[in-house]
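# When you get a sec, could you give me coordinates for this:
(chains A and B)
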Amino acid sequence: MTTTLTPRTQGASPTKASARRPSMYPRWFFIPSGVLYLVLFAVPTFASFYFAFTRWSLSGVEFIGLENFVTFFTEPMLIQGFTNTFIYGFVTSAAKVVLGLGLAVLLTGPILGRGYLRSTIFFPVLVSTIGIGVTFKALLDPQDGLVNQALAAIGVAGPGWLTDPSLALMSVALVDIWKGVGIATLIYIAGIVAIPQEYFEAARVDGAGAWAAFKNITLPLVRPATATVVLLSLIGGLRSFELIWAMTKGGPGFSSDVIASVIYKQYQAGFYGLSTAGNVVLFVVVTAIIVPIFYILNRRQVES
Amino acid sequence: MTKRSVRRIGLASVGVLAMMVPLASCAAGDSGDGTVEITYLMENQEPAFGTAEAMVKAFEAKNPDIKVTIESRPGGTEGDNLIKTKLSTQEMEDVFVYNTGSLLQALNPDQTLTPLADEAWVDDLDENMKTVVSTDNGLYGAPFGATQAGAVLYNIPLYEELGLEVPTSWEEFASNNDAIKAAGKTAVIQTYGDTWTSQLFILGDFGNIFAQDENWAKEYTAGERKYAEEPALQGLLNQQEGFEAGWWNEDFASATLDDGLRMVATGEGAHYPIVTSTFATVLQNNPENAEDVGVFPLPAQDSEDTRLTIWLPAAAYIPLTTEGAELEASKRFVAFLNSEEGCEIQNKEMSPTGPFAISTCTLPDSVPTVAKDLQTWFDEGLTVPALEFLSPIKGPNLENITVEVGSGIRGAEDAAKLYDEDVKKQAQQLGLDGW
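Predicted coordinates:
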């Protein structure tokens, strides 16, 4: 079909067109998505850099300089969100890396029901975050929740998972890890399966045990997968919102707030300028963390 | 016709039909046979939502040329958010019901709502009501519901069993609570599963503050009075005392509004500080215990200063985006809310606990005990509108701060400072002087 169409649609002289044809036609496909990207992402991002310096309400915009940022970093309610974001991001990311690799090693080994287990580990990734949030909120209820009732049956007094201020953030982090470890495992399985079997055979011949083989063969050769998992889970963890909102709404009080839920609360209150400033802070924070990590991980990859 | 061109024509016609689908779903305000369709946004909390449904049914029966579609929205801060977003993107329904007072001010009514000062029912409005649905430039709402109080619901049988008397000072309240706790019952019910209910110790205390200083609200708006100082600090100190003395129910951190109402009606707990409009839920869920519930105002430290803090009802508003035939229909609907039929429906569905704010609606002859208790305070003139009706400022994070105080996460003085900061943001956002 294309060979009969293109000469007519191009309409240019055959020799010039045949030289340019391969380069121009595919580029036209970028235009729709390029326009979408520009209008829906690039323009609002730059606009938000402006609005972050204003007091923005339903009645108008007033330029106030760095005041929003000062408020963001001096108010205890907002600072808590800032520190919680780092804790949440790094804890969930680290756990997903470690658990993901462990599960991947397990699921690429010769165990029974491997296919079924792989699906079980992966299915939480597919389920709606809000659905998981609401379900676990009910399960973790201190009095009526299934988790505490099960613990009570074996004589352990379950704590207030989501109502104790010191536990709330970690409880949500645990649910997040349960939900997200499937993708980490998937990426690691792909990485492990790509390691040539000769290395393992050679190691066995040399008398290396399972742990030595893991440490010296699997771990180094799975580094690209590790880089991917670290980057993806860290970005996701730092920006996480839906699960926290569904389970605690940042409560009790402000103990499980993260930057994203703080931003949303400011927006709810109608402090649009402050909320935008929060978004800019989140953008800068995530970029400042991810870009160096990206370079470190990829440089190591090239070197190795 | 080649197979290729048949396929192309087929694909083209499917494409055209696909583009028609969104056009078809575009609801026209005017359908061909002359009926006007209007949309009505309502909070999804009972009994208000059920009242809205009954209202719409009665209105449509009386006005067959108007069709009203109800849309629901959440309450609390999620609802505030939704309303502000809809107004700013001009996506608001033709009529919507929302709070009055400071929450109305936050919507910037002069620029977003249709002025209704020329409507026939405006003259029937109570003076207090007129103030809270207006700005300096116009009047915008018709009342929906009756006046209610933020006070302490209490279980009468439990009081009789333990030989207690209704407290008028904080000391009496505290000693009652200790006695109830000693008897093995929950003294004060808290329901932080619904965070907005945690604010009653502060909001319900305002009447007592007003009794001690009439100018407090005005000076607060001007930025001269703070929650970190007395007499306002007392509310937070009291809530902290409640937590430290162990008066709360065991599941206070996750209990919900419905749980709290059930507990006070059935006698599992003795006291529940809440807004009395929620009493209608008791009539619905625990009707056999309805007469077991009484109410008294949140006591001040000195019994002389105890006042009943009242909330003026919500109101129905029409945004500026409603025009033409829909505007006429919406105005008729808003007028219907407080007509004779509308009042009957309000009385039946919402079981009001206080007087109406418009003279066309009156309470029925038989009212539950709660309403009778409140009426005595109205009769003696010992009521004060809540702070949100005397001042446009209300910090949005109050409910989270009071949860912190009530859960023992933060001390009262610290929390008061935090709230003053929160209020400052709101005042600056509203562009008030002196902040």
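# Apart from its neighbours in sequence, what residue is nearest whichever residue of the stretch 151-300 of chain B sits closest to chain A?
Nearest residue of the stretch 151-300 of chain B to chain A: B:A253, at 3.4 Å (Cβ to the nearest Cβ). For the C-beta atoms, the positions are set from N, CA and C on the backbone; glycine is no exception. Closest residue to B:A253 apart from its sequence neighbours, by Cβ to Cβ, 6 or more residues apart in numbering or on different chains: A:T163 at 3.4 Å.
# Checking the one you found next. Helix, strand or coil?
At A:T163 the chain is in coil, as set by DSSP: H, G, I helix; E, B strand; the rest coil.
# thinking again about what came up before, tally up the residues packed near the residue of the stretch 151-300 of chain B closest to chain A, please.
25 (other Cβ atoms under 10 Å in any protein chain shown).
# List the contacts of it.
A:142, A:160, A:163-164, A:252, B:192-193, B:407 (Cβ atoms under 8 Å, 6 or more residues apart in numbering or on different chains).
# Drop anything exposed from those.
Buried by 16 or more other Cβ atoms under 10 Å in any protein chain shown: A:142, A:160, A:163-164, A:252, B:192-193, B:407, out of the contacts of B:A253.
# ok, these vs B:E241, which is closest?
Using Cβ to Cβ, B:S407 comes nearest to B:E241 of the buried ones among the contacts of B:A253, at 13.8 Å.
# Does that closest one touch A:G253 like I think?
Yes. Using Cβ atoms under 8 Å, B:S407 is in contact with A:G253, at 6.6 Å.
# For these two, list the residues in contact with both.
A:P165.
# Mind telling me what element the closest residue to A:F283 other than its chain neighbours is part of?
Using Cβ to Cβ, 6+ apart and skipping residues adjacent in sequence, the residue nearest A:F283 is A:T45, 7.5 Å away. Assigned by DSSP states H and E, A:T45 falls within helix A:43-51.
# The stretch 101-250 of chain B: strands as residue ranges?
Assigned by DSSP state E, counting those that start in this stretch, the stretch 101-250 of chain B shows strands spanning B:134-135, B:138-139, B:141-144, B:148-155, B:186-188.
# which of the ones you listed sits most buried?
Mean neighbours per residue, mean count of other Cβ atoms under 10 Å in any protein chain shown, is largest over those for strand B:141-144, with a mean of 28.
# where does A:G65 sit relative to A:T54, distance-wise?
9 Å (Cβ to Cβ, to the nearest Å).
# the more surrounded of these two?
Summary of the neighbour comparison: A:G65 and A:T54, criterion other Cβ under 10 Å, with A:T54 having more neighbours (20 against 9).
# Thought A:F63 was touching the more buried one, still the case?
Yes. Contact criterion Cβ under 8 Å: A:T54 and A:F63 qualify, at 5.2 Å.
# Average pLDDT for the helix or strand harbouring B:S5, rounded please.
Using DSSP H and E, B:S5 sits in helix B:3-25. Here helix B:3-25 scores 73 as its mean pLDDT.
# returning to that earlier point: pick out the most distant pair among the buried ones among the contacts of B:A253.
So, those by Cβ to Cβ: farthest apart are A:D164 and B:G193, at 14.4 Å.
# and after the host helix or strand of A:A202, which helix or strand comes next?
Per DSSP H and E, A:A202 falls inside helix A:197-205. Next along the chain after helix A:197-205, taking DSSP H and E as the criterion, comes helix A:210-213.
# Tell me the first helix or strand C-terminal of that next one.
Using DSSP H and E, the helix or strand that follows helix A:210-213 towards the C-terminus is helix A:219-221.
# what would the strands of the stretch 101-250 of chain B look like in CSV with mean pLDDT?
Putting these into CSV (pLDDT from 0 to 100) gives the following:
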stretch, mean pLDDT
strand B:134-135, 88
strand B:138-139, 92
strand B:141-144, 92
strand B:148-155, 93
strand B:186-188, 94
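# Stretch B:112-131: end-to-end distance?
In terms of Cα to Cα, to the nearest Å, the two terminal residues of stretch B:112-131 are separated by 18 Å.
# Name the residues of that stretch that are buried.
Using 16+ other Cβ under 10 Å as the test for burial, stretch B:112-131 gives B:112-116, B:121-122, B:124-126, B:129, B:131.
# related to what we said a few turns ago, how close does the residue nearest to A:F283 get to A:T287?
Taking Cβ to Cβ, one finds A:T45 at 11 Å from A:T287.
# now A:G278
Distance, A:G278 to A:T287, using Cβ to Cβ: 15 Å.
# secondary structure element for the residue nearest the centre of chain A?
By Cα atoms, centre = their mean, chain A has its centre lying nearest to A:G236, at 1.7 Å. Here A:G236 sits within helix A:223-239, counting by DSSP H and E.
# Can you mark which positions in that helix are buried?
Here helix A:223-239 shows A:224-239 as buried, counting by 16+ other Cβ under 10 Å.
# ok so, going back, out of the buried ones among the contacts of B:A253, who's nearest A:L40?
A:P252 (36.0 Å).
# What is the burial count for A:A288?
Neighbours around A:A288, by other Cβ under 10 Å: 9.
# could you measure it against B:K425, distance?
26 Å.
# same question, A:M24
Distance from A:M24 to B:K425, by Cβ to Cβ: 53 Å.
# Report the distance from stretch A:181-193 to the chain centre.
Here stretch A:181-193 is found 15 Å from its chain centre; the criterion is Cα atoms, centre = their mean, to the nearest Å.
# How about the residues of the stretch 101-250 of chain A by chain B?
A:141-143, A:160, A:162-165, A:249-250 (Cβ under 8 Å from any Cβ of the partner chain).
# Quickly check those residues for the two that are furthest apart.
A:Q143 and A:G250 (22.0 Å).
# Compare those two (neighbour count), which wins?
Taking other Cβ under 10 Å, A:Q143 and A:G250 do not tie; A:G250 has more neighbours (27 against 14).
# Which parts of the stretch 301-435 of chain B are strands?
Under DSSP E, counting those that start in this stretch, the stretch 301-435 of chain B gives strands at B:308-311, B:314-317, B:383-385.
# So which elements touch the shortest one?
For strand B:383-385, the packing partners by 3 or more Cβ pairs under 8 Å, 6 or more residues apart in numbering or on different chains; DSSP states H and E come out as helix B:206-212, strand B:308-311.
# Kindly recompute the last result at 6 Å.
strand B:308-311 (3 or more Cβ pairs under 6 Å, 6 or more residues apart in numbering or on different chains; DSSP states H and E).
# mean confidence score for the strand it packs on?
92.
# Export that strand to PDB, keeping only CA atoms.
Provided in PDB are the C-alpha atoms of strand B:308-311 (Å, rounded to 0.1, in the frame of the first residue of the first chain):
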ATOM      1  CA  LEU B 308     -25.100  27.400  73.200                       C
ATOM      2  CA  THR B 309     -23.100  27.700  70.000                       C
ATOM      3  CA  ILE B 310     -25.400  27.500  67.000                       C
ATOM      4  CA  TRP B 311     -24.900  26.900  63.300                       C
END
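# Give me the contact list for that strand.
B:147-150, B:204, B:206-207, B:297, B:377, B:382-386 (Cβ atoms under 6 Å, 6 or more residues apart in numbering or on different chains).
# that older thread, can you name the helix or strand that the residue of the stretch 151-300 of chain B closest to chain A falls in?
Counting by DSSP H and E, no helix or strand carries B:A253.
# Report the residue spans of chain A with pLDDT below the cut-off.
A:1-22, A:300-304 (pLDDT under 70).
# Please repeat the previous calculation with a cut-off of 80.
A:1-24, A:57-60, A:75-78, A:251, A:299-304 (pLDDT under 80).
# tell me, how many neighbours does the residue nearest to the residue nearest to the centre of chain A when sequence neighbours are not counted end up with?
Spatial nearest neighbour of A:G236, chain neighbours left out: A:G180 (6.9 Å); criterion: Cβ to Cβ, 6+ apart. Using other Cβ under 10 Å, A:G180 is surrounded by 26 other residues.
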